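Enquirer: after the sequence you'll find the predicted model.
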Amino acid sequence: MAGWERPGGSGRDRIFEMLWCAEPAVVREAARIGIELAVSEWPELAERVPAWLYEPAMGDEGAVERATAITNRMLAYLTAAG
């Protein structure tokens, strides 16, 4: 999941956008990119990156179920906040 606040809003008028994905290969690549960005600023983090992150992601069994569960939780949070 990745999210950001769109510029220009304030208070209750703030606008956020987000993307999410439950496909293992996409999630793994996003994690690698994030880690590479972090390591470019803090090289000492490189030694803490788990080796398995550089292995190919396993199949996407359960991806639909995970995506559904995440969606349901997010909608429940929005309903409770509204």
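Expert: Perfect, I can see it now. Numbering: from 1, shown residues only.
Enquirer: so where do the strands sit in the chain?
Expert: For the chain, applying DSSP state E gives strands covering 2-5, 16-19.
Enquirer: could the ones you listed go into TSV alongside mean neighbour count, mean pLDDT and distance to residue 66?
Expert: (Each C-beta comes from the backbone N, C-alpha and C, glycine too.) Compiled in TSV, the strands of the chain are given as follows (neighbours: other CB atoms under 10 Å; pLDDT from 0 to 100; distance: least, CB to CB, whole Å):
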stretch	mean neighbour count	mean pLDDT	distance to residue 66
strand 2-5	10	81	16
strand 16-19	9	80	15
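Enquirer: wait, which of the ones you listed is closest to residue 51?
Expert: Proximity to residue 51, assessed across the strands of the chain by CB to CB, is greatest for strand 2-5 (24.0 Å).
Enquirer: paired strands for the closest one, with orientation please.
Expert: Paired neighbours of strand 2-5 in the sheet (DSSP bridges): strand 16-19 (antiparallel).
Enquirer: please state the offset of the partner strand from the chain centre?
Expert: 10 Å (CA atoms, centre = their mean, to the nearest Å).
Enquirer: so what touches that strand?
Expert: By CB atoms under 8 Å, 6 or more residues apart in numbering, the residues outside strand 16-19 that reach it are 1-6.
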